[in-house]
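A.B. asks: Return atomic coordinates for the entry below.
(3 chains)
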Amino acid sequence: MPVRFDQVTYVYPGSHAAGDPALAGVTLEIADGEFLGVIGHTGSGKSTLIQHINGLLQPTSGRVTVDGLDLMDRSVRREVRRRVGLVFQYPEHQLFADTVSEDVAFGPRALGVPAQDIEQCVIAALERVGLDFCEVGHRSPFELSGGQMRRVAIAGVLATQPGTLVMDEPMAGLDPAGRSAMRDLLRALHQQGLTIVMVSHDMEDVAALADRVLVLRQGAVYAHGATAEVFSRHAELREIGLGAPRPARFAARLTSLGLDVPDDALTVEALADAIVRACANCGEVR
Amino acid sequence: MALGQYHKGDSVLHRMDPRFKLVIAVVYMLVIFLADDASGLALVLAFLGVAVALSGVPARVLLAGLRPVLALVVFTFVVNLVFIRSGTPLLDAGPVSVTSGGLSTALFMATRLLALFVATALLGFTTSSVDLADGMEGLLAPLERLGVPAHELSMMLSIALRFIPILMTEKDRIMRAQSARGADFETGNVVTRMRAILPVLTPLFMSAFRHAEDLSTAMESRCYHGKEGRTRVKVLRPAARDWYAVAALALLAMALVALRVGAV
Amino acid sequence: MEPRADTGPARPAISFRDVFFRYHDDDPHVLSGITFDVAAGEHVAIVGANGSGKSTLAKHINGLLVPDSGTVTVGGVSTGDPHHTYQVRASAGLVFQNPDDQVVTSIVRDDVAFGPENLGLPAEEIVVRVEDALRTVGMWNHADDDVAALSGGQRQRVAIAGILAMRPDVLVLDEPGAMLDPRGRRGIRRVSRELHATGMTVVVITQHMEEAVLADRVIVLDRGHVAAIGTPAEIFTDAGRLRSLGLDVPFPVLLGEALRSRGLDVPLTLDETVLEEAICRSASIR
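C.D. replies: As a prediction, this is how the structure comes out:
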C-alpha cells in the first residue's frame, strides 16, 4: 500500500484547539495505481490532508506511512518526497530558475539524484508533460505561456520519477482547452502507472478521472469509496453542501419523474446510453 | 513588533488622534530610559498600566502578542543576572555566579525592555494600518513645503502594511512547494541556508511585482490620481483625551528627571 | 440601492465601433475591428478562450486602455477624450479577478471610501455612499473589519462595494469568480443579479457557463474578433461552434447532442426541465 493514514488528527499550532482540528481521526488507505479524487468544502481539511502525504506536516496524533515508511521519522522524509510528488495550486508561481531545465532539475538535485542522471530526468519529465527539451530547455520559464509554465512546474515534480502524484486543484484558472489538456495529461500519467491523488472543487473532473472518491467534512472522512458509489449518494452530498456531478443528478431527476435511469453514469456519454436503454425498456414493457 | 496585529475595538486608545499616539509612543519609549531606579521604573509601569487599561485589549491577546519577544527579555534577564557582579553573592557555581546586585539589575533591565515592547504592542493593537498611515501623513504634512512627499509616503506605507500578511502567506506557500521538491531550509550552515532562500525569493519578488501591477491598475480604475483634488473622510482633529495623554507623559518625564536629579 | 429612473430613448450604455488595439507595435492585434453595443440596463456576458482579448476589452470599457483606432463610448462620452477620463472611469466601474489586488487599505470601510475620496466628494456624501454600497453587497456588518480576516468571496464583494460607491452606470466584472470557490462565486452571482434588477448595466466576462447563461445577451470573442452575438439560447446550443471557439458546451446541450446521435428526438436546449420532459415523452411514445 503506498499511503496509509492511521487515526490521524492534526491541530494547527496556535489555533484555539482541540475543539477544532484541521483533521480528525482520519483513517484511510490509498492503493497502488489508484486515482483518488478528494472533495469537500473550503476548510474541510483537503489541503491539510495532502500535506501529510509527503511529510510537510506531521500528525498531532496518529500515523502516516508511505510504502511502509513512517513519516514521523525525519530521516525518511527526503526519500518520501522523492517518491511522492506534490503539486500545489497555481504551481507556475513557484518557478524561479533562469532556465526551464534548471528549474526542473531543482527537485532531482535537492533529493539526491546522481548528477550524471539529472539531465536525462529533466528531458524525460518535460517529455511526459508534452514539452520538448530542445525547444524550451534553455528558455526562461517566465517567457512561456501560462499553460506551459504550469506544465514546467509539474515536470519539476515528475523529474524524480515519483510513484505517487498529489495535485491540489490542477485545473484552477484554466480555460476549457487547458482543462481538457490537463485531463488528458492526468489520464496519461495514471495509465503510465502513477498513483494519483487529486483535490478538486469540480465534480465533473473528479467523475471523469477518479477511480475512488474521498469526501472530507470538517476534517473527518465523510465518505470514501468507488466514484460511482459515492456520487450516487445525492442526499448525503447535498446535506454537506456538495453537488454530485451533473449526469448523476440528471439521472436522479428522470427517475423521480418516472423514467428509471440508474444514477451511476459519470459521463454524458454513459448517461445517454443509460437513458436510451431506459426508454427502450419502457417500450418493451408496454 | 506587533504590526499587523490590529485588535478591533473602540477604546480611548483606539480613538486617539494617531499623530498624537505615534509621537507619544515614541517619546514614551525614550522617557523609559530616564528611569534609573525602582521608583522611576514603578512610575513608568504605572503609566503603562493605565494605557493598557484604557486600550481595551484583553490580557490574553497582549501576552500572545509579546510571545515573539519573550525570548529576548529572558535573555536580557539572564545575561544581566550572570554577568553583573555587585552586592551580596547569592549563588556560586564556579565561573557563573549570581549576586543580589546582579539580580536587581537583571530585573530592572528586563522590566524596562518589557515595557518597551508592551508600548510597541499597544500601539500596534490599537492603531489600524489606515490610522498609522494617516498619522504619518499628518505628521509629515508640514514638511511638504520642503519637498517631502507626505501623501505618497503614507500611501506606500499603507499599501506595504496591507500586503505584508499577503506576502508572508505566499512566502509560506512557496516554501512549502519548494520543500515538497526537496528544498531544505533548516539544515546546513549560513551559506547553504542563504542559497536555499533563492528559490523562495525569486518567486516572491515576481509575486510582489504582479500584485503591484494589478493593484495600480485597480487604483487607476478607482480614479486615483495622486493627492490633487482628493478629499478625506477621516479628518484628524485632536480631542481632549489627546491633550490629557500629552500632559500625563510630560508629568511622567518631569517626575523621572526629578528622581534622577534628587538622587544625585 | 434605489432603482434607477428611466433614462429615456435608447442611447447605448456602451458602444464599440471598429476598435483595433495592440500592446506593442510589433505584436499582433489583441482587438481587431470590435463593434457592438450594450443597451442601458442590459446584462451582457462576454466569453472566449484565454487569449481571445476579453480582459483587454474590459479595460477599454472604463478607459484604462484606449483604442489605436476606432472609438469606445460610455454613456455618450468617448473614452479617448482626455478631459473626461475620470468621468468615464467613475461611470464604468471595473472589478477584477484577484480580490487581494483591488483593496488598497486594511479596513473595509476605509477602502470602500477610496474611490469617492479620489473623486473629491465631501466627507458627508462619502459616508452615505460607503454605507449604501456595503449594504448592497451584504457586507455592512463587516464595515470595521480587517480585510485580511475576510474570505475570498467577501473580499471580492468589498471590491465591488468600492466600485459601487462611485455610483457607476455600468458595472464590468472581469472573471470575478475565477479565484473563488463555488460558494464565493454564488455570492458574486447574487450581487450582480440584484444590481441588474435595480437597472444597472452589467457586463460580466467569464469562463463559467453558470454565469454566462444568466445574461440577456452573450458576446463571443475569438482571437480579438467578435465571433458571435446572441442570446444564451442561441449561442450555447450550437455545440459545434462552441467547440471550435474553445468554449465549454453546457451540460444539457451535450446530453441532447449525445441522445440525438443515438436516435432520440430531443431539442437542444439550455433548460434541463425542457430536456427532461422531452426524454419522458420519448419514453412514453415508444
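
A.B. asks: interface residues of the stretch 151-286 of chain A facing chain B?
C.D. replies: Within the stretch 151-286 of chain A, the residues that sit near chain B (CB under 8 Å from any CB of the partner chain) are A:Gly156, A:Val157, A:Thr160. For glycine as for every other residue, the C-beta is placed from the backbone atoms N, C-alpha and C.

A.B. asks: Just the C-alpha atoms of stretch C:133-149, please, in PDB.
C.D. replies: Output of stretch C:133-149 as PDB, limited to C-alpha atoms (Å, rounded to 0.1, in the frame of the first residue of the first chain):
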ATOM      1  CA  ALA C 133     -22.500  50.300  -1.200                       C
ATOM      2  CA  LEU C 134     -21.700  47.900   1.700                       C
ATOM      3  CA  ARG C 135     -25.300  47.200   2.400                       C
ATOM      4  CA  THR C 136     -25.900  46.400  -1.300                       C
ATOM      5  CA  VAL C 137     -23.200  43.700  -1.300                       C
ATOM      6  CA  GLY C 138     -24.200  42.500   2.100                       C
ATOM      7  CA  MET C 139     -21.000  43.500   3.900                       C
ATOM      8  CA  TRP C 140     -22.200  46.300   6.100                       C
ATOM      9  CA  ASN C 141     -21.800  44.400   9.300                       C
ATOM     10  CA  HIS C 142     -18.200  43.900   8.400                       C
ATOM     11  CA  ALA C 143     -17.500  47.600   7.900                       C
ATOM     12  CA  ASP C 144     -14.900  47.900  10.600                       C
ATOM     13  CA  ASP C 145     -13.200  44.500   9.900                       C
ATOM     14  CA  ASP C 146      -9.700  44.000   8.800                       C
ATOM     15  CA  VAL C 147      -9.800  43.000   5.200                       C
ATOM     16  CA  ALA C 148      -7.300  40.200   5.800                       C
ATOM     17  CA  ALA C 149      -9.800  38.400   8.000                       C
END
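
A.B. asks: Is chain A within reach of it?
C.D. replies: No - Stretch C:133-149 lies out of reach of chain A by CB under 8 Å from any CB, never closer than 14.4 Å.

A.B. asks: how close does the residue positioned nearest the centre of chain C sit to chain B?
C.D. replies: Nearest to the geometric centre of chain C sits C:Val204, at 1.2 Å (CA atoms, centre = their mean). Distance of C:Val204 to chain B, given as CB to the nearest CB, to the nearest Å: 16 Å.

A.B. asks: list the contacts for that residue?
C.D. replies: Contacts here follow CB atoms under 8 Å, 6 or more residues apart in numbering or on different chains; on that basis C:Val204 touches C:His43, C:Val44, C:Ala45, C:Ile46, C:Val172, C:Leu173, C:Pro176, C:Ser192, C:Glu211, C:Ala212, C:Ala215.

A.B. asks: For the helix or strand containing it, output the C-alpha coordinates as CSV.
C.D. replies: Assigned by DSSP states H and E, C:Val204 belongs to strand C:201-205. Taking C-alpha atoms only, strand C:201-205 is exported to CSV below (Å, rounded to 0.1, in the frame of the first residue of the first chain):
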residue,chain,number,x,y,z
THR,C,201,-26.0,47.8,-16.8
VAL,C,202,-23.9,44.7,-16.0
VAL,C,203,-21.1,43.2,-18.2
VAL,C,204,-19.6,40.0,-17.0
ILE,C,205,-16.5,38.5,-18.5
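
A.B. asks: Pull the distance from it to the chain's centre.
C.D. replies: Here strand C:201-205 is found 3 Å from its chain centre; the criterion is CA atoms, centre = their mean, to the nearest Å.

A.B. asks: do the same with stretch B:118-130
C.D. replies: Mean-position distance between stretch B:118-130 and its chain equals 7 Å (CA atoms, centre = their mean).

A.B. asks: tell me the pLDDT at residue 131?
C.D. replies: Picked chain A for this. A:Leu131 is assigned 93 on the pLDDT scale.

A.B. asks: um, chain C though
C.D. replies: You'll see C:Glu131 listed with a pLDDT of 97.

A.B. asks: Give me the nearest residue to it, chain neighbours excluded.
C.D. replies: Computed as CB to CB, 6 or more residues apart in numbering or on different chains, the closest residue to C:Glu131 that is not its neighbour in sequence is C:Trp140, at 6.5 Å.

A.B. asks: Kindly state the pLDDT recorded for that neighbour?
C.D. replies: In this model, C:Trp140 is scored at 96, pLDDT.

A.B. asks: buried residues in stretch C:64-72?
C.D. replies: C:Leu64, C:Leu65, C:Val66, C:Pro67, C:Gly70, C:Val72 (16 or more other CB atoms under 10 Å in any protein chain shown).

A.B. asks: Export only the CA atoms of it, formatted as CSV.
C.D. replies: What follows is stretch C:64-72, C-alpha atoms only, in CSV (Å, rounded to 0.1, in the frame of the first residue of the first chain):
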residue,chain,number,x,y,z
LEU,C,64,-7.8,52.2,-18.8
LEU,C,65,-6.8,51.5,-22.3
VAL,C,66,-7.8,53.5,-25.4
PRO,C,67,-8.1,52.1,-28.9
ASP,C,68,-5.4,52.5,-31.5
SER,C,69,-8.2,53.2,-34.0
GLY,C,70,-12.0,53.1,-33.6
THR,C,71,-13.9,54.5,-30.7
VAL,C,72,-15.4,53.4,-27.4
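
A.B. asks: How far off centre is it?
C.D. replies: On the basis of CA atoms, centre = their mean, stretch C:64-72 is displaced by 19 Å from the centre of the chain it belongs to.

A.B. asks: got the CA coordinates for stretch A:40-52 in PDB?
C.D. replies: Output in PDB follows, covering the C-alpha atoms of stretch A:40-52 (Å, rounded to 0.1, in the frame of the first residue of the first chain):
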ATOM      1  CA  GLY A  40     -15.000  18.800   0.300                       C
ATOM      2  CA  HIS A  41     -15.700  22.400   1.200                       C
ATOM      3  CA  THR A  42     -13.000  25.000   1.700                       C
ATOM      4  CA  GLY A  43     -11.900  24.300   5.200                       C
ATOM      5  CA  SER A  44     -12.800  20.700   5.200                       C
ATOM      6  CA  GLY A  45      -9.100  19.700   5.600                       C
ATOM      7  CA  LYS A  46      -8.200  18.800   2.000                       C
ATOM      8  CA  SER A  47      -5.100  20.900   1.800                       C
ATOM      9  CA  THR A  48      -4.000  19.700   5.300                       C
ATOM     10  CA  LEU A  49      -4.500  16.100   4.300                       C
ATOM     11  CA  ILE A  50      -2.400  16.200   1.200                       C
ATOM     12  CA  GLN A  51       0.500  17.900   3.100                       C
ATOM     13  CA  HIS A  52       0.600  14.900   5.400                       C
END
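
A.B. asks: mind checking the SS state of C:Asp37?
C.D. replies: Counting by DSSP: H, G, I helix; E, B strand; the rest coil, the backbone at C:Asp37 sits in strand.
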